[in-house]
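In: Here is my input; please provide its structure:
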Amino acid sequence: MVNVNIKPNILVAQLGARRHYIVPATLNKYGMLHDFYTDIFLKSSFCETMVKNIASRFGLTSVKRLAGRHSSQLPLNKIHTFPVFGLRYKYRGRFSNTDESKVKNWLWGGKTFCESIIKRSWEGVTGVYSFSSAALELLQKAKNIKICSILDMATALRKVEYEIYENESAVFPGWADSRYWTESDDAYHNRQLQEIRVASTIICSSTYVKRMIQNVPGFEKRLSVLPIGFDSHFSQPTEKSSKGPLKILCIANGGILKGFGYLARAVKNFGSNLQTRVVGELTVSQTAKSDLSENLELFGSVPRTEIAGHYEWADVFVLPSLSETFGLVILEAMSYGLPVITTDHTAGPDIIRQEGDGYIVPAGDSEAIAEKLEWFLMNRQQLPDMSSQAYERSREFSMEKYGEKLVSIIRECTAGSSSS
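Out: Model prediction:
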């Protein structure tokens, strides 16, 4: 019989400040956090402020990112860090100039991080929660000592994204650097597959990720789809003007897999009826940027403090990604009252209600995007209602509700392990 009354004591391991530490913070809130392991963490607000000041004074972007490695919701006595390893990991990553060297660093970092945690005491731990590519050795130990093991599938399978990349490189020649499948890619992909097969429960942030995992041969584990929580902006959206061009916004950092080319094709024939902005760091060739700029306004990377202004400017948000494990900007845009057009290769199908607060289109289909944009142009009178619905829908994915669902999944996993 499953013992549902057993209290979980979960060891959480994560590299970096994933999701602003929502997983360990949630478990701590519910009295379920045993230990939290990470690479670099600022254990006081004073340290956070000091790092921000240094970054601002000397213009050090990489140091500025470290200022986010802090959370007041975590108890200091449960936080364990490996700062020397963390700095070395960041240093190696900064000077990884090829795809192969980056993958080698991910492999080294994931394995080294896990092995460092295994050496520590696990007394009283009833479950392990870790993130893909930095989880394998922890999951294996959990299996050996017969405790619950939870894998958060935060990254897409390497081979799946590589195949999409290859296809897009042929569709948009000269837009991206040539990429070759190497032994390191093979090792990274196999590490992901091993993690999937060893974990007792897998959490997917979208149905897109779930479908990806279900295609793994020999997979027979528990799968839970849990969209990420979001609480950043919850105030009534401002009313939009119904005059002038329809204002389209895309916010995304990345390369050819973000689908920018399909957005450019979609808006090409609308002329002055549309005004389209792309905000974010585009890691594509100069040829691609030149081609994209013919139909899109490319704003590049902007400070976080300026993002709100872009959301408030827009009428409709578009995320044309070809592979996105979630896409938090979807919820962020909806919280500003923007209806969303996105693809079935994001968390869009798990969030958007067709025709209510947005539309889902097939990934890589510029004509489908154009069709929905034309609908918005022809039905601008419906924008206020869709804006209101998008805003209300975004509130259903709060951090609190995310935490409740997360805790339920973990309790079920832990109870199942105790009964075996």
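In: and the residue minimising distance to the centre of the chain, which of the three is it?
Out: Among the residues of the chain, the one closest to the centroid is residue 326, at 5.1 Å (Cα atoms, centre = their mean). Assigned by DSSP: H, G, I helix; E, B strand; the rest coil, the conformation of residue 326 is coil.
In: Verify the contact between it and residue 205 for me.
Out: Yes: with contact defined as Cβ atoms under 8 Å, residue 326 counts as touching residue 205 (4.1 Å). For the C-beta atoms, the positions are set from N, CA and C on the backbone; glycine is no exception.
In: thinking again about what came up before, give me every residue that touches the residue nearest to the centre of the chain.
Out: By Cβ atoms under 8 Å, 6 or more residues apart in numbering, the residues touching residue 326 are 205, 206, 227, 228, 346, 347.
In: go again using 10 Å as the cut-off
Out: Counting by Cβ atoms under 10 Å, 6 or more residues apart in numbering, residue 326 makes contact with 19, 154, 204-206, 208-209, 227-228, 346-348, 350-351.
In: Return every residue with contacts to both of residue 326 and residue 205.
Out: Counting by Cβ under 10 Å, 6+ apart, the shared contacts of residue 326 and residue 205 are 19, 154, 227, 228, 346, 347, 350.
In: does residue 130 count as helix, strand or coil?
Out: Per three-state DSSP, residue 130 ends up strand.
In: Number the residues from 30 up from this point.
Out: Noted, 30 is the first residue going forward, which turns the last one into residue 159.
In: That one: neighbour count?
Out: 30 (other Cβ atoms under 10 Å).
In: which non-adjacent residue is nearest it?
Out: Leaving out its chain neighbours, the residue that sits closest to residue 159 by Cβ to Cβ, 6 or more residues apart in numbering is residue 42, at 4.5 Å.
In: any idea how far residue 168 is from the one you found?
Out: Going from residue 42 to residue 168 by Cβ to Cβ, to the nearest Å gives 10 Å.
In: Please apply the same query to residue 260.
Out: Distance from residue 260 to residue 168, by Cβ to Cβ: 30 Å.
In: Residue 267 and residue 366 touch, don't they?
Out: Yes: shown here, residue 267 and residue 366 form a contact pair, counting by Cβ atoms under 10 Å, at 7.4 Å.
In: Now render the contacts of residue 355 as a markdown table, adding neighbour count.
Out: Converted to a markdown table, the contacts of residue 355 look like this (neighbours: other Cβ atoms under 10 Å):
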| residue | neighbour count |
| --- | --- |
| 48 | 22 |
| 183 | 21 |
| 233 | 25 |
| 234 | 23 |
| 235 | 25 |
| 237 | 25 |
| 238 | 27 |
| 256 | 22 |
| 257 | 19 |
| 375 | 29 |
| 376 | 26 |
| 377 | 26 |
| 379 | 18 |
| 380 | 25 |
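In: quick one: which of these sit in strands?
Out: If you go by DSSP state E, these have residue 233 in strands.
In: And the furthest pair within the contacts of residue 355?
Out: 48 and 377 (18.5 Å; Cβ to Cβ).
In: how does the protein divide into domains?
Out: Listed by automatic domain parsing, the domain ranges of the chain are 39-258+428-448, 275-425.
In: which of those domains is buried the deepest?
Out: Compared across those, domain 275-425 shows the largest average neighbour count, a mean of 19 (mean count of other Cβ atoms under 10 Å).
In: tell me the mean pLDDT for the helix or strand containing residue 338?
Out: For residue 338, the element it lies in under DSSP states H and E is helix 333-342. Averaging pLDDT along helix 333-342 gives 89.
In: chain center to that helix: distance?
Out: Centre-to-centre, helix 333-342 and its host chain are 20 Å apart (Cα atoms, centre = their mean, to the nearest Å).
In: residues making contact with it?
Out: Applying Cβ under 10 Å, 6+ apart, the external contacts of helix 333-342 come out as 261-262, 266-267, 269, 276, 278-280, 304, 306, 308-309, 328, 331, 346, 358, 361-367.
In: Among the residues you listed, which ones are in strands?
Out: Using DSSP E, the contacts of helix 333-342 in strands are 276, 278, 279, 280, 304, 306, 308, 328, 346.
In: now those residues as a markdown table including distance to residue 112 and pLDDT?
Out: Output for the ones in strands among the contacts of helix 333-342, formatted as a markdown table (distance: Cβ to Cβ, whole Å; pLDDT from 0 to 100):
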| residue | distance to residue 112 | pLDDT |
| --- | --- | --- |
| 276 | 45 | 97 |
| 278 | 38 | 98 |
| 279 | 37 | 98 |
| 280 | 32 | 97 |
| 304 | 46 | 96 |
| 306 | 39 | 97 |
| 308 | 33 | 97 |
| 328 | 35 | 95 |
| 346 | 38 | 98 |
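In: Could you dump these into JSON lines and include distance to residue 160?
Out: Shown next, in JSON lines, are the ones in strands among the contacts of helix 333-342 (distance: Cβ to Cβ, whole Å):
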{"residue": "276", "distance to residue 160": "36"}
{"residue": "278", "distance to residue 160": "30"}
{"residue": "279", "distance to residue 160": "27"}
{"residue": "280", "distance to residue 160": "24"}
{"residue": "304", "distance to residue 160": "39"}
{"residue": "306", "distance to residue 160": "32"}
{"residue": "308", "distance to residue 160": "27"}
{"residue": "328", "distance to residue 160": "31"}
{"residue": "346", "distance to residue 160": "27"}
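In: How about the residue nearest to residue 159: which residues does it bridge to?
Out: Beta-bridge pairing for residue 42 (DSSP bridges): residue 66, residue 159.
In: Let me know whether it touches residue 53 as I believe.
Out: Yes: if you go by Cβ under 10 Å, residue 42 and residue 53 touch, sitting 9.4 Å apart.
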